[in-house]
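Peer 1: mind looking at a prediction? Sequence and model below.
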Amino acid sequence: MDSPKQRCKWACGNMLLRDYHDAEWGKPIKNARSLWEMLVLESFQAGLSWNTVLQKRENFRKACARFDPEKVAQFTEHDVQRLMQDAGIIRSRLKIEATVKNAHAYLQMQAAGEDFADFAWGVAQQNPVKAEHPHALAQTLASQVLSKELKKRGFCFVGPVIVYAWMQAAGMVNGHEPDCFRYHACD
């Protein structure tokens, strides 16, 4: 009989967290749009549990035009009000408005010939996390640098703690605990 898999402690709460951990968390996201979607979701998670975001992720995708930055950038005050009434998502005006602003920033980068994924991964690789246990950190020098660079490009709601969570989720940093079965696969 196989022994049970060791997982990061946060992933043992329920099946949704476990499945996300096992299949997605820490796998490198190299697609610019998918990486932007993850940044948006991480910003909505601020102050809440990741489980809450996962439970609402499909609703977010529907409400936010499948995270198409071109469509989200066209959202008006009417759309913000619509989203504020949508019980299927996290209804935070600041986070919703940040999503629209960040769609504009994403598109400005694209128009300037700067790929969002190449940019994010480039900054992360120039500032590698040097810690024995990166899973235990809330932020790093790398997330501070990437946060500042995102803000220079017009992004908001991208502080170093949110950015570090995003970097771990997107595989830019291996945040798995050393005894987790995914640790070496994501290293």
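Peer 2: Yep, that arrived.

Peer 1: in this protein, which helix is the longest?
Peer 2: Criterion DSSP state H: the longest helix present in the chain is helix 93-111.

Peer 1: list the buried ones in the helix or strand that that helix is followed by?
Peer 2: Next along the chain after helix 93-111, taking DSSP states H and E as the criterion, comes helix 116-126. Buried residues in helix 116-126, counted by 16 or more other Cβ atoms under 10 Å: 116-117, 119-121, 123-124. C-betas here are computed from N, CA, C, even on glycine.

Peer 1: dump these to TSV, plus pLDDT and distance to residue 29.
Peer 2: As requested, these are arranged in TSV below (pLDDT from 0 to 100; distance: Cβ to Cβ, whole Å):
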residue	pLDDT	distance to residue 29
116	98	11
117	98	8
119	97	13
120	96	9
121	95	9
123	92	15
124	87	11
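
Peer 1: dump the residues you listed to TSV, plus distance to residue 139.
Peer 2: As requested, these are exported to TSV (distance: Cβ to Cβ, whole Å):
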residue	distance to residue 139
116	21
117	21
119	19
120	16
121	18
123	14
124	13
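
Peer 1: which one of these is nearest residue 110?
Peer 2: residue 116 (7.1 Å; Cβ to Cβ).

Peer 1: list the contacts for the closest one?
Peer 2: Applying Cβ atoms under 8 Å, 6 or more residues apart in numbering, we find residue 116 in contact with 32-33, 35-36, 106, 109-110.

Peer 1: I'm done for today, thanks for sticking with me.
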